[in-house]
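Visitor: Whatever this is, show me its structure:
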Amino acid sequence: MPTTASTVALIPAAGSGTRLGAGIPKAFVDLCGRTILQRSVDGVLAAGVDRVVVAVPANLVAETRAQVPDAQVVVGGAARSDSVRACLAATGDHAEPPDVVLIHDAARALTPPDVFSRVVGAVLSGHDVVIPAVAVTDTLKRVGDDGAVLATVDRTPLRAVQTPQGFRPDALRRAHASNGDATDDAGLAEADGMRVHVVDGDLMAFKITTDWDLRMARMLIEHGATANPS
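Guide: A predicted model of the protein is given here:
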């Protein structure tokens, strides 16, 4: 991580995570003795990020502050973008704006520090919006409503996008000025006409979405994998 830049990571963690089926918000599910959110914050801090702001459901603010005392905790919104905007508003508490703002999925709890470094480095080199991504390896088919294959899609130029996504602060505010919603913040930037730069992601930055993902994350941790090198 470049040492001359100030960085802040925003973690929207107010979602219910219904696809995981745990009965509680996904960020608060146990992942080998720590919650998914705790492990995500651990990884962000281990990567050298200066400040972390987390958005959670209103009824879990006190619990979250106890679990992640090194992060600022705010109330999130109904949609992911609402939570990001709540986190972004909280960054105005400091007199000096950060050089780089990172948006990171709490569910990507095992993201290696090198991914953060690549994203931050690319923003500091002049890119307004930076995303990490990995190549798509599966064969892709476009399928009709009747279940019939319409075409095989060329996967060569395709990438699976991960987080953290990095922004110049003014670029992120511009992207969110429309109050729109998207599955990732770079999508809002694209819609506003901004150029999005891609750097290498990492397979360890996979998103814990289903029970299979959770079991995989637990297995990796049990075998020594962690986003926190300490």
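Visitor: tell me the contacts of Q67?
Guide: Neighbouring residues of Q67 by Cβ atoms under 8 Å, 6 or more residues apart in numbering: T35, L37, Q38. For the C-beta atoms, the positions are set from N, CA and C on the backbone; glycine is no exception.
Visitor: Just the ones in helices from those residues, please.
Guide: Taking DSSP state H, the ones among those that sit in helices are L37, Q38.
Visitor: Of the contacts of Q67, which is the most crowded?
Guide: Ranked by neighbour count (other Cβ atoms under 10 Å), the contacts of Q67 have L37 at the top, with 26 neighbours.
Visitor: so P57 makes contact with K26?
Guide: No - contact criterion Cβ atoms under 8 Å: P57 and K26 do not qualify, at 11.4 Å.
Visitor: Give me the more crowded residue out of the two.
Guide: Per other Cβ under 10 Å, whichever of P57 and K26 has more neighbours is K26, with 23 against 19.
Visitor: residues in contact with the strand or helix carrying I131?
Guide: Counting by DSSP states H and E, the element that carries I131 is strand 129-135. The contact list for strand 129-135, computed with Cβ under 8 Å, 6+ apart, reads 115, 118-119, 122-123, 155, 158-168, 171, 175, 184, 186, 189, 194-203, 205.
Visitor: same thing but at 7 Å, please
Guide: By Cβ atoms under 7 Å, 6 or more residues apart in numbering, the residues outside strand 129-135 that reach it are 115, 118-119, 122-123, 159-162, 165-167, 171, 186, 189, 194, 196-201, 203, 205.
Visitor: The following helix or strand past that strand pairs with which strands, parallel or anti?
Guide: Sequence-wise, the next helix or strand downstream of strand 129-135 (DSSP H and E) is strand 140-143. Sheet partners assigned to strand 140-143 using DSSP bridges are listed as strand 149-153 (antiparallel).
Visitor: residues making contact with the strand it pairs with?
Guide: So strand 149-153 is contacted by T139, L140, K141, R142, V143, G144 (Cβ under 7 Å, 6+ apart).
Visitor: Any of the contacts of strand 129-135 buried? List them.
Guide: The neighbour count (16 or more other Cβ atoms under 10 Å) marks 115, 118-119, 122-123, 160-162, 165-167, 171, 186, 189, 194, 196-197, 199, 201, 205 as buried among the contacts of strand 129-135.
Visitor: Perfect, I'm done here.
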